[in-house]
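Chemist: my questions are about this predicted structure, shown below with the sequence.
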Amino acid sequence: MFVRYTSAMPERSRTKKPRDVNVLAAAIVHEATSDEPEQDETPEKNPAAVELGRRGGLKGGRARAEKLSAKKRSAIASKAARARWGSDR
C-alpha cells in the first residue's frame, strides 16, 4: 500500500552559514555587536519604469485580443486546452 506524506518542506535560510564553529561564532558576535544598520536587499525601483510597465500591462492583453480574429482566438484557446487537459500529461 502506498502512503503519501503531506508534510511541507522545512524552512531554509537563504544565506549559507559557515561550517566551522569558530567562523560561525565570530559571524554571530560581529552581527550582534555591529553598529551598521541592516541593509534592505530589495533594490529601489524606478517609478517611471514601473508606471510604463503598468500602463503597457493594463492594455496589452485586451489590445491583442481585439486584433485577433474569432477563428484565431478559438485556435489559441483550443491549443491551450489541449496543453492543459491533453492525454500526454
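Modeler: Sure, I can see it.

Chemist: in the chain, which helix has the most residues?
Modeler: Of all segments of type helix in the chain, defined using DSSP state H, the longest is helix 47-67.

Chemist: give me the distance from the least confident helix or strand in the chain by mean pLDDT to the chain's centre.
Modeler: Within the chain, no helix or strand scores below helix 47-67, which has a mean of 82 by mean pLDDT, DSSP states H and E. Chain-centre distance of helix 47-67: 20 Å, with C-alpha atoms, centre = their mean, to the nearest Å.

Chemist: repeat for stretch 43-60
Modeler: With C-alpha atoms, centre = their mean, you get 17 Å for stretch 43-60.

Chemist: can I get it in PDB, CA atoms only?
Modeler: The C-alpha trace of stretch 43-60 is given here as PDB (Å, rounded to 0.1, in the frame of the first residue of the first chain):
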ATOM      1  CA  PRO A  43      16.700  47.400  -4.800                       C
ATOM      2  CA  GLU A  44      14.700  50.600  -5.300                       C
ATOM      3  CA  LYS A  45      12.600  50.600  -8.500                       C
ATOM      4  CA  ASN A  46      12.500  53.400 -10.900                       C
ATOM      5  CA  PRO A  47       8.900  54.900 -10.600                       C
ATOM      6  CA  ALA A  48       8.900  56.000 -14.200                       C
ATOM      7  CA  ALA A  49       9.800  52.500 -15.400                       C
ATOM      8  CA  VAL A  50       7.100  50.900 -13.100                       C
ATOM      9  CA  GLU A  51       4.500  53.200 -14.500                       C
ATOM     10  CA  LEU A  52       5.400  52.400 -18.100                       C
ATOM     11  CA  GLY A  53       5.300  48.700 -17.400                       C
ATOM     12  CA  ARG A  54       2.000  49.000 -15.600                       C
ATOM     13  CA  ARG A  55       0.500  51.100 -18.500                       C
ATOM     14  CA  GLY A  56       1.500  48.500 -21.100                       C
ATOM     15  CA  GLY A  57       0.300  45.600 -18.900                       C
ATOM     16  CA  LEU A  58      -3.100  47.100 -18.400                       C
ATOM     17  CA  LYS A  59      -3.900  47.400 -22.100                       C
ATOM     18  CA  GLY A  60      -1.700  44.600 -23.600                       C
END
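
Chemist: identify the residues contacting the least confident helix or strand of the chain?
Modeler: Here helix 47-67 makes contact (C-beta atoms under 8 Å, 6 or more residues apart in numbering) with residue 73. (C-beta placed from N, C-alpha, C; glycine too.)
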